[in-house]
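Novice: what's the 3D shape of this:
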Amino acid sequence: MQATPNFELEIKPTKGHFNKNYDTFGKMDPFIQVNFEKKSYKSDVATKQGQDPKWTKSIIVPVTLDQLHQDKNVIIQAYDEDAMANDFIGEITYRLAQIQAFPQGPNVITLYDNTKKRNEVGWIEVYFQLREAAEPQPQTQKPTTQSTTKPKPIAPTSVPTKVSPPYNTNNTTELVIRNIRAHFNKDTDLIGKMDPFFVFTVEKPQVRTEVAKNAGTDPKWLESTTLYVTSQQIAQDQPLLIEAYDEDVGGSEYLGEATIKLSQTRSTPDFIKLPLYNKNDKKKLEIGWIAADFELKGGNAPKTSTQQYASTSSTNARNRSIGTFVVNPLDGRLDSVSDQQAVHLVFVHGETAYQTADSEGPGRKPVFKDLISFQQLEGENVIVRCFDNDLNRGGLIGEGIIPLANLPRNYRNPLKVELSNNGRRVGEINVNLDLFPEYTFKNPVKVYNSVTINRGDYISKKIKYSNPDSYPKNLLVQSDNKNLVLVKTERLTIPAHSFGEIRFRITAPTNPSPSGQDVCCVNIVIEDSKVPEESLLFRIKSI
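Specialist: Prediction:
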């Protein structure tokens, strides 16, 4: 009998860009396909939209609780629809736990071909949402007569899995626990696998997770858990007691527990890993661990060392765009990674996240070659998360903050981002950061290294611009300040599968800006659609 899906994964691709047109004649017809557990699910087809398609249909993938606990692979592929056979464009594979680590979106993910070199073929913008499937309506139960016996002590399974907010919410704060996962060193069930669940207590048992049926020693939970704590409990820095149980027919078996102070939770979701101990064990041996994202909402939350840099996700929608910034991760040093292990980074700003390609070089000293641009949101910082390809501990190596909101508006310097996990330093990542408050881009951006020129002098520069399509491309090259960057080839036709040269004259101004560096933007526009295909940013220092 096939298991009934407990959850559904919604994957909504909205737009993309591919480096090559796979149709010999005309424009290709791209679509997105998701492969999960020997089944395939398709988006709508972007008919004749070529290298810059847009989609409107969501892809719904049924997911069972067992598949979630087993952390199955999700393969996202792009194809060009053809009458004879669909042409494969590229793909990316995620584990379910990795998808849970993404914000809902929009997320820009890179697709790769299936060669040994894993070449980039383009990107797609996609929204992710993993949610509980609709449940059947419960049957109406007959009313029971009221008992006059004394109430029994609260059993773990009688603690609710969800609680409603209190009637008076002025004095309470939500404590939300997401992406819960755990590991136990031993399976306590003699036959089959154990069925773990957790109970969360602040002064009294308040809420528990669902039972992870047959999950054994490595359970995971999709659903978030919410407690309500009072301002007095926050002021007193009350402990949150986390107890682990194994559900059995005769009664639930106590496994172990962990404790965390409310001051250790943060106003931004933070991945924390806690050891579990059995309070009845005199030796106090560790029996496993629990890890989750903790978020203590509200203005009364205790301050932590990194909270001054973080803002709550609830304010993201209200923050306005104040320009563009470009992050160029360079390299890093990681303390607990083997040299054979590749890592990748995820940069989160507001509700948008970008993932880099896998690192090059030895795992302890990763090297990155990505250039990532964001629309800068007022008051928001950048969370940097480093992941490995081994999903033990959820794959998270560590995370850090780029204090974007505290930097000068024209900041253009290298930064060192300290990474930590559960309060322990695990390494660092070096990035180049460029803030451009005067520009807002919705297309790919290339930032050139700063050039130094004597005042009033100029230099000539030329770049090769390729056309991977199977048809000629007519381009307009437009400078927003001809006194700084004069384009000598303002109109350009590039044959199919060829390249052309764009020539510039870059002049140092006689009256440079107070920052000592002037910036000019050159947009490369597709003449037929008037849509910018790429933007080039030149930085000029006058001496």
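Novice: if I look at residue 277, how far off is residue 262?
Specialist: 20 Å (C-beta to C-beta, to the nearest Å). C-beta here means a position set from N, CA and C on the backbone, and glycine is covered the same way.
Novice: Looking only at neighbour counts, state which of those two leads.
Specialist: residue 262 (21 against 17; other C-beta atoms under 10 Å).
Novice: Helices of the stretch 1-150 of the chain, residue ranges please.
Specialist: 65-69, 96-101 (DSSP state H, counting those that start in this stretch).
Novice: element containing the nearest residue to residue 239 once chain neighbours are set aside?
Specialist: Closest residue to residue 239 apart from its sequence neighbours, by C-beta to C-beta, 6 or more residues apart in numbering: residue 259 at 4.9 Å. Per DSSP states H and E, residue 259 falls inside strand 253-261.
Novice: From the contact counts, what lies against that strand?
Specialist: Packing contacts for strand 253-261, counted by 3 or more C-beta pairs under 8 Å, 6 or more residues apart in numbering; DSSP states H and E, involve strand 239-246, strand 270-277, strand 286-296.
Novice: wait, which of those strands is closest to residue 450?
Specialist: strand 270-277 (35.9 Å; C-beta to C-beta).
Novice: Hey, what's the angle from the closest one to strand 286-296? Just curious.
Specialist: Compare the direction of strand 270-277 with that of strand 286-296 by axes from the mean of the first three to the mean of the last three C-alpha atoms, to 10 degrees and you get 150 degrees.
Novice: Report the mean confidence score over strand 270-277.
Specialist: Mean pLDDT, strand 270-277: 78.
Novice: hey, where'd the strands end up in the stretch 1-150 of the chain?
Specialist: With DSSP state E, counting those that start in this stretch as the criterion, the stretch 1-150 of the chain has strands at 7-18, 30-36, 39-42, 59-63, 73-80, 87-95, 107-112, 120-132.
Novice: Now render those as JSON lines, adding mean neighbour count, mean pLDDT and distance to residue 539.
Specialist: Listed next are these as JSON lines, based on neighbours: other C-beta atoms under 10 Å; pLDDT from 0 to 100; distance: least, C-beta to C-beta, whole Å:
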{"stretch": "strand 7-18", "mean neighbour count": "20", "mean pLDDT": "91", "distance to residue 539": "25"}
{"stretch": "strand 30-36", "mean neighbour count": "21", "mean pLDDT": "95", "distance to residue 539": "35"}
{"stretch": "strand 39-42", "mean neighbour count": "13", "mean pLDDT": "93", "distance to residue 539": "44"}
{"stretch": "strand 59-63", "mean neighbour count": "19", "mean pLDDT": "92", "distance to residue 539": "41"}
{"stretch": "strand 73-80", "mean neighbour count": "20", "mean pLDDT": "94", "distance to residue 539": "34"}
{"stretch": "strand 87-95", "mean neighbour count": "18", "mean pLDDT": "90", "distance to residue 539": "32"}
{"stretch": "strand 107-112", "mean neighbour count": "19", "mean pLDDT": "87", "distance to residue 539": "24"}
{"stretch": "strand 120-132", "mean neighbour count": "18", "mean pLDDT": "87", "distance to residue 539": "25"}
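Novice: one step back: the residue nearest to residue 239 - how many residues pack around it?
Specialist: Using other C-beta under 10 Å, residue 259 has 13 neighbouring residues.
Novice: which ones are touching it?
Specialist: Applying C-beta atoms under 8 Å, 6 or more residues apart in numbering to residue 259 gives the contacts 239-242, 274.
Novice: Distance of it relative to residue 217?
Specialist: 22 Å.
Novice: And for residue 439?
Specialist: 51 Å.
Novice: who has more neighbours, those two?
Specialist: residue 439 (19 against 15).
Novice: What does the pLDDT read for the more buried one?
Specialist: 78.
Novice: Please apply the same query to the one 4 residues further on.
Specialist: Predicted confidence (pLDDT) at residue 443: the value is 67.
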